[in-house]
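Peer 1: Here you go, sequence then predicted model.
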Amino acid sequence: RARSAGTDHENDGWGRSGAGTFGAMRTIAVLAPLAAATLAIAGCGSDGASNDTVPTTMPADNPAETDSTDTPDSTDGADASEQLFPDVIDAEAERNGETWTISATLSSPYDTPERYADAWRVLGPDGTEYGERILTHDHAGEQPFTRSESGIEIPDDVTEVVIEGRDLENGYGGGTFTLTLPN
């Protein structure tokens, strides 16, 4: 089909008129702001470079829950494949006589059978380890996931513990959860 360049009233082959030079300019004038808006929106959010510690207050309706804290090892907002450690995002405690059952919820979106969150532990304020839950397989199809450990002995004078996750390759690290033990 023959086309004459420079007119704005010819058919462009798609059934539209105005595809000449003037029509192309109209198309660019319409698409340019859309492209700029898309780039601006894509630029919003975290670049993952911040190492600030940001506490998140948990609901007050359960006194056993206090807060989750992102540590410098936490990679909140980063690509899952780049995440080095699991984050503990929730925890609960229940007293059973002289011992405790701790339930911890971990987020490890990078989990595969080759590399996964393989444990979590309960630490006292002074760093004493009171218990550890070993995880023997990945939880790739269940994110986040919760597991419990019973029979954990915590001294009566300890009122808060910290739950920390462990990665199969990188060890302990990531976001921890500070848990206030119920009376």
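Peer 2: Looks like it came in fine. Numbers count the residues shown, from 1 in each chain.
Peer 1: residue boundaries of the helices in this structure?
Peer 2: Along the chain, the segments classed as helices by DSSP state H run 21-42.
Peer 1: Neighbours of residue 156, how many?
Peer 2: The number of residues packed near residue 156 is 7, by other C-beta atoms under 10 Å. Any C-beta I mention is one placed from the backbone N, CA and C, and that applies to glycine too.
Peer 1: Over to residue 83?
Peer 2: Once other C-beta under 10 Å is used to define contacts, residue 83 is seen to have 23 neighbours.
Peer 1: Repeat that for residue 183.
Peer 2: 7.
Peer 1: Grab the nearest non-local neighbour of residue 134.
Peer 2: residue 119 (5.1 Å; C-beta to C-beta, 6 or more residues apart in numbering).
Peer 1: ok, so what distance separates residue 113 from residue 141?
Peer 2: 11 Å (C-beta to C-beta, to the nearest Å).
Peer 1: circling back to that earlier point, so who does the residue nearest to residue 134 touch?
Peer 2: Counting by C-beta atoms under 8 Å, 6 or more residues apart in numbering, residue 119 makes contact with 132, 133, 134, 135, 165, 166.
Peer 1: Sort out which of these are buried, if you could.
Peer 2: 133, 135, 165, 166 (16 or more other C-beta atoms under 10 Å).
Peer 1: isn't the last one right next to residue 116, touching?
Peer 2: Read it as residue 166. No: in this structure residue 166 lies outside contact range of residue 116 using C-beta atoms under 8 Å: 10.1 Å.
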